[in-house]
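Colleague: Turn this into a structure:
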Amino acid sequence: MNDDLTLKPILCDWLTRQCETSPDALALHDLATGRRTTYQGMLDRSQKIASILAHQYSVGLGDRVMVVAYNSIDLYEILFACWRLGAIYMPVNWRLAPPELAAIVEDAMPTVMIVDTAFESSVRELNLQSWWRNDRDDSPFETDIVTADTWEGFAKLDLNMTANLLYTSGTTGRPKGVISTWRMQAMAVNQAAHTILGSATRTLTAAPMFHTAGLNSFALPLFYYGGTVHIMRHWDAEEALSYLSDPKLGITHTLGVPVQFQMMAQCAGFDDATFPSLVRAGVGGAPVTEELLTQYQGKGLMLCNSYGMTEVFGVATLPPEQAQKKLGCVGWSVIGTEIRIADDTDALVPQGENGEIQINSEGVTPGYWNAPDLTAASRTADGWFKTGDIGHLDEEGALYVVDRKKDMFISGGENVYPAEIESTLALLPEISEAAVIGVLDEQWGEVGHAIIVLKNAGALNAATVKKRCTEYLARYKVPKHVSFTDKLPRSAQGKIQKAELRDTYAG
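Modeller: Residues are numbered from 1 along each chain as shown. Purely as a prediction, here's the structure:
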């Protein structure tokens, strides 16, 4: 055996540590198949997967293992197998088209890909050695594990080595590989204290596990604490509502984007639903409306705003008891993280004024894979990370996220933030959801274009929408154009894809 694979560091062998005290504790529950795995079972399978990766696919220290698969408990076992070898776990968005997958493969040069048989047509031309899996006991993935040896060694690792490589969704262009180091994993474990994780924690993971929200939030750090992760293969509002209300599952934590909580609130069973065990319902990715907060508060549950991104594990979080008092706030910086607000020259702006949110933390990515120019552009001269988000800090130091910097437009010399207009549109009871983009205008340079989904077709017309907006907004913020649609385009994380809306409505 290679000498580099003989050390078993306390830093990352979380499963062995849990098996020393609670080997029979439930680690994983696959809600699609009903399969349950204890910490001992998870350790045993991850050691076998590591052996197969090393012996059959020549995976070693620093090699990338690409995974194209639906949410499954197998994915965490593969991740811990990669960590055991010092390989880099690389889950990829299975919704990408073959050319997009090919671009990622060209960039990352993975040694092997573990892929669901459902995606054979998407990966056929990638020219990579493949290990096929599905939920059948006779899949190559499962049959190989049955006869595999156990790999008990552990790679020599340090805090600056890459643990995971996550490619962003690419809604703004070609996907970027965000490097996630062991230093960032350590920060995530420390920051989990803000979310009250422990061995009694039971989390529901529904977001795609190729994104940081699905892979990390309330999930990956939980294996350090010895809790249980319940995994949904795909998001479904009625199923999620049922799981959160099930006292037998005892789910204590979950995370979603506002539209997911809105969809659950629109389910027929919401009025009778209870959340008997839920202590933390985290919301990220977009502002939470007062109406949505009130709906869940009426059920005895306060939604908890948070702020983070692939490049930085948890940045800010708002305690549930503050949600009503600080509507629109995402909270205070978490342990080990500093937040400041700067202008386009990276100079600090006065308290309360909007500017770019910048972050200083050991939890910030060291950069983008094979992209030194992008990495350099993401840093200020003194090393702070430029998020590209616009926000401000209040008198208590709490953060408010206003919009993405790239989404802001200038109308008649005034900065206009689409998120502010979208929050206003959310006040109109006839509107289910809405998005606003800036479009070119001969007179004002740019103006707003609102794309709206109505709860009932024909309930509003464009003129009425504009008139109602004038009750809440300055005239330059009122959208000049209004369009209605059946649904808004969303990414796998549930975020509205503004780039697609610009392509459709820019003219």
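Colleague: mind listing the strands for the stretch 101-250 of the chain?
Modeller: Here the stretch 101-250 of the chain has its strands, by DSSP state E, counting those that start in this stretch, at 112-116, 130-133, 162-167, 177-181, 202-205, 228-231.
Colleague: so residue 374 sits in a strand?
Modeller: No. Using DSSP: H, G, I helix; E, B strand; the rest coil, the assignment for residue 374 is helix, not a strand.
Colleague: and stretch 459-470, which residues are buried?
Modeller: 460, 465, 466, 468, 469 (16 or more other C-beta atoms under 10 Å). For glycine as for every other residue, the C-beta is placed from the backbone atoms N, C-alpha and C.
Colleague: again, but for stretch 109-124
Modeller: Neighbour counts over stretch 109-124 (16+ other C-beta under 10 Å) mark 110, 111, 112, 113, 114, 115, 116, 119, 122, 123 as buried.
Colleague: What pLDDT is listed against the residue of the chain positioned farthest from its centre?
Modeller: Going by C-alpha atoms, centre = their mean, the residue of the chain most distant from its centre is residue 443, 39.3 Å out. In this model, residue 443 is scored at 78, pLDDT.
Colleague: And what about it, helix, strand or coil?
Modeller: Classification of residue 443 using three-state DSSP returns coil.
Colleague: May I have the residues that are in contact with it?
Modeller: If you count contacts by C-beta atoms under 8 Å, 6 or more residues apart in numbering, residue 443 has none.
Colleague: Over to residue 361?
Modeller: Residues in contact with residue 361 (C-beta under 8 Å, 6+ apart) are 187, 312, 315, 336, 337, 338, 385.
Colleague: Spatially, what comes nearest to the second one if we skip its sequence neighbours?
Modeller: So the one you mean is residue 312. Counting by C-beta to C-beta, 6 or more residues apart in numbering, residue 312 lies nearest to residue 364, which is 5.1 Å off, once chain neighbours are set aside.
Colleague: What backbone torsions are found at the one you found?
Modeller: phi -80, psi 140 (degrees, to the nearest 10).
Colleague: Check what pLDDT it gets.
Modeller: We have a pLDDT of 95 for residue 364.
Colleague: need the contact list for it.
Modeller: Counting by C-beta under 8 Å, 6+ apart, residue 364 has contacts 184, 311, 312, 385.
Colleague: just to revisit the earlier point, adding pLDDT, write the contacts of residue 361 out as a markdown table.
Modeller: Converted to a markdown table, the contacts of residue 361 look like this (pLDDT from 0 to 100):
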| residue | pLDDT |
| --- | --- |
| 187 | 84 |
| 312 | 92 |
| 315 | 86 |
| 336 | 86 |
| 337 | 92 |
| 338 | 95 |
| 385 | 96 |
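Colleague: Which one (most neighbours) among those?
Modeller: Using other C-beta atoms under 10 Å as the neighbour test, those are led by residue 315, with 29 neighbours.
Colleague: That one in helix, strand or coil?
Modeller: Classified using three-state DSSP, residue 315 is strand.
Colleague: now residue 305
Modeller: Assigned with three-state DSSP, residue 305 falls in the strand class.
Colleague: From what I see, it and residue 288 are in contact.
Modeller: Yes. Using C-beta atoms under 8 Å, residue 305 is in contact with residue 288, at 5.9 Å.
Colleague: what do these two both touch?
Modeller: Common neighbours of residue 305 and residue 288, using C-beta under 8 Å, 6+ apart, are residue 323.
Colleague: which of these two has more neighbours?
Modeller: The residue with more neighbours, out of residue 305 and residue 288, is residue 305; 28 against 25, by other C-beta under 10 Å.
Colleague: ok, now which ones touch that one?
Modeller: For residue 305, the contacting residues are 282, 283, 284, 287, 288, 317, 318, 323, 329, 330, 331, by C-beta under 8 Å, 6+ apart.
Colleague: what about it, distance to residue 219?
Modeller: Residue 305 sits 19 Å away from residue 219, going by C-beta to C-beta, to the nearest Å.
Colleague: got the contact list for residue 289?
Modeller: Shown in contact with residue 289 (C-beta under 8 Å, 6+ apart): 258, 423, 426, 427.
Colleague: Repeat that for residue 477.
Modeller: By C-beta under 8 Å, 6+ apart, the residues touching residue 477 are 411, 414, 416, 420, 421, 448, 469.
Colleague: If we use 7 Å, what do you get?
Modeller: Taking C-beta atoms under 7 Å, 6 or more residues apart in numbering, we find residue 477 in contact with 416, 420, 421, 448.
Colleague: thinking again about what came up before, mind putting the buried residues of stretch 109-124 into JSON lines with distance to residue 177 and pLDDT?
Modeller: Converted to JSON lines, the buried residues of stretch 109-124 look like this (distance: C-beta to C-beta, whole Å; pLDDT from 0 to 100):
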{"residue": "110", "distance to residue 177": "11", "pLDDT": "98"}
{"residue": "111", "distance to residue 177": "15", "pLDDT": "98"}
{"residue": "112", "distance to residue 177": "17", "pLDDT": "98"}
{"residue": "113", "distance to residue 177": "15", "pLDDT": "98"}
{"residue": "114", "distance to residue 177": "18", "pLDDT": "98"}
{"residue": "115", "distance to residue 177": "18", "pLDDT": "97"}
{"residue": "116", "distance to residue 177": "21", "pLDDT": "97"}
{"residue": "119", "distance to residue 177": "20", "pLDDT": "95"}
{"residue": "122", "distance to residue 177": "19", "pLDDT": "91"}
{"residue": "123", "distance to residue 177": "18", "pLDDT": "94"}
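Colleague: Nearest to residue 393 among those?
Modeller: The shortest gap between residue 393 and any of the buried residues of stretch 109-124 belongs to residue 110, at 40.9 Å (C-beta to C-beta).
Colleague: That closest one and residue 130 touch, don't they?
Modeller: No. Counting by C-beta atoms under 7 Å, residue 110 does not reach residue 130; the two are 10.5 Å apart.
Colleague: So for residue 381, what's the nearest residue that isn't a sequence neighbour?
Modeller: That would be residue 346: by C-beta to C-beta, 6+ apart, it lies 6.9 Å from residue 381.
Colleague: my guess is that neighbour meets residue 380, correct?
Modeller: Yes. Using C-beta under 7 Å, residue 346 makes contact with residue 380 at a distance of 4.6 Å.
Colleague: Quick check: which ranges of the stretch 301-450 of the chain have low pLDDT?
Modeller: For the stretch 301-450 of the chain, applying pLDDT under 70 flags the ranges 413.
Colleague: hmm, try it at 80
Modeller: Applying pLDDT under 80 to the stretch 301-450 of the chain picks out residues 314, 320-321, 323-324, 327-328, 403-406, 412-415, 417, 443, 445.
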